[in-house]
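*Asks:* Sharing a model prediction with you, sequence too.
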Amino acid sequence: MSNFNNILIKNSPNVYLLDFISQQDFEDHVLNTLKTYKSVLKSVNLNKFNDNIIDPIKLLFDKEVFNKTYKEIINLEIHRQRDKSNNNIIGYFHQNIFKYIEKCKVPKEGWDIIFNSNQITYYVEMKNKHNTMNSSSSAKTFMKMQNHLLNGDDKDISICALVEIIAKKSQDIPWVITLDKIKQSENERLRRISIDKFYEIVTGDKEAFKKLCLQLPITIQKLINKDNTLKVEEDTVFYELELLDDNILISLYKLAFSTYEGFDFI
């Protein structure tokens, strides 16, 4: 059994592994994150399911290619819709935890995180995953950082950093991109940092992020055990589709194509 599993098994809900954030602050932040899940735990009805107009042809292909029933493929689509909201929730968790950590602040606008220590100030843009920025947003963020380094009036040394939660690898390297087919010059004060390395910079502990990952399941389970409202409600989408027509595909066509030429037969 791995050391990771040993730690999870041995630690009771009362054991706390983190020394860079108080237990009360950490539990408050995790609880606030869990509370934001309540909106996506609510029952999904047909109107909500079809808010952005479902593509029945895609669902048909998915059903046949992946050998699923219509109920299964619809449940997968509901899960996909919920997951889109969940990504924003997890972004909230990763960013706002830093407001509880010494020498960090989370501004309402401008930067995601600002960390000041030893006459060095880090201005951070945080991304959940390394591939979530397209070339346009990447260039915009890069130029924002370049402009700050050139024109900022900080008394301390500035470092602008793109911090990635899910990076390709652990790293703290200069961030270099290509603009208008021209590779930009390397600047040591403009960096690309994985989340583990950023936690090390902020806390001085190389294993700070690992400890966070070990603590999370303990704390989440502790808080969920205290709150029985954190349960997903039963969805009514498939039941409502059955009421529209015995043939679920026809029901899906009714949602998307009822005003299209030739679809008046449904």
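*Replies:* Okay, I see it. Predicted model, so just to flag it, every value in this text is computed and none were measured. Numbers count the residues shown, from 1 in each chain.
*Asks:* Enumerate every residue touching residue 26.
*Replies:* Neighbour list for residue 26: 16, 18, 97, 100, 215, 219 [criterion: C-beta atoms under 8 Å, 6 or more residues apart in numbering]. Backbone N, C-alpha and C define where each C-beta goes, glycine included.
*Asks:* a helix runs through residue 19, doesn't it?
*Replies:* No. Membership of residue 19 in a helix is not supported by DSSP: H, G, I helix; E, B strand; the rest coil, which gives coil.
*Asks:* Just the pLDDT at it, thanks.
*Replies:* We have a pLDDT of 95 for residue 19.
*Asks:* What segments of the stretch 1-150 of the chain are strands?
*Replies:* Here the stretch 1-150 of the chain has its strands, by DSSP state E, counting those that start in this stretch, at 104-105, 113-117, 120-129.
*Asks:* would you turn the ones you listed into TSV with mean neighbour count and mean pLDDT?
*Replies:* Shown next, in TSV, are the strands of the stretch 1-150 of the chain (neighbours: other C-beta atoms under 10 Å; pLDDT from 0 to 100):
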stretch	mean neighbour count	mean pLDDT
strand 104-105	16	96
strand 113-117	18	94
strand 120-129	19	92
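*Asks:* Now the two most distant members of the contacts of residue 26.
*Replies:* Maximum pairwise distance among the contacts of residue 26 (C-beta to C-beta): 14.9 Å, between 16 and 97.
*Asks:* Of the two, which one has the most company?
*Replies:* Neighbours per residue (other C-beta atoms under 10 Å) separate residue 16 from residue 97, with residue 97 holding more: 21 against 17.
*Asks:* Surely that one is in contact with residue 18?
*Replies:* No. Using C-beta atoms under 8 Å, residue 97 is not in contact with residue 18, being 10.3 Å away.
*Asks:* which helix of the chain spans the most residues?
*Replies:* Secondary structure of the chain read by DSSP state H shows that its longest helix is helix 70-96.
*Asks:* That one to strand 113-117, inter-axis angle?
*Replies:* 30 degrees (axes from the mean of the first three to the mean of the last three C-alpha atoms, to 10 degrees).
*Asks:* Which neighbouring elements make contact with helix 70-96?
*Replies:* Helices and strands touching helix 70-96, by 3 or more C-beta pairs under 8 Å, 6 or more residues apart in numbering; DSSP states H and E, are helix 23-36, helix 38-41, helix 46-49, helix 56-65, strand 120-129, helix 237-244, helix 248-257.
*Asks:* right, and these - which one's nearest residue 109?
*Replies:* strand 120-129 (12.4 Å).
*Asks:* what's the burial count for residue 142?
*Replies:* Using other C-beta under 10 Å, the number of residues around residue 142 comes to 21.
*Asks:* What are the buried residues along stretch 258-266?
*Replies:* Under the neighbour-count criterion of 16 or more other C-beta atoms under 10 Å, stretch 258-266 has nothing buried.
*Asks:* Same question for stretch 150-161.
*Replies:* Across stretch 150-161, burial judged by 16+ other C-beta under 10 Å covers 158, 159, 160, 161.
*Asks:* Let me have those residues in JSON lines, adding secondary structure, distance to residue 143 and pLDDT as columns.
*Replies:* Formatted as JSON lines, those follow (DSSP: H, G, I helix; E, B strand; the rest coil; distance: C-beta to C-beta, whole Å; pLDDT from 0 to 100):
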{"residue": "158", "secondary structure": "strand", "distance to residue 143": "15", "pLDDT": "92"}
{"residue": "159", "secondary structure": "strand", "distance to residue 143": "16", "pLDDT": "95"}
{"residue": "160", "secondary structure": "strand", "distance to residue 143": "11", "pLDDT": "95"}
{"residue": "161", "secondary structure": "strand", "distance to residue 143": "15", "pLDDT": "96"}
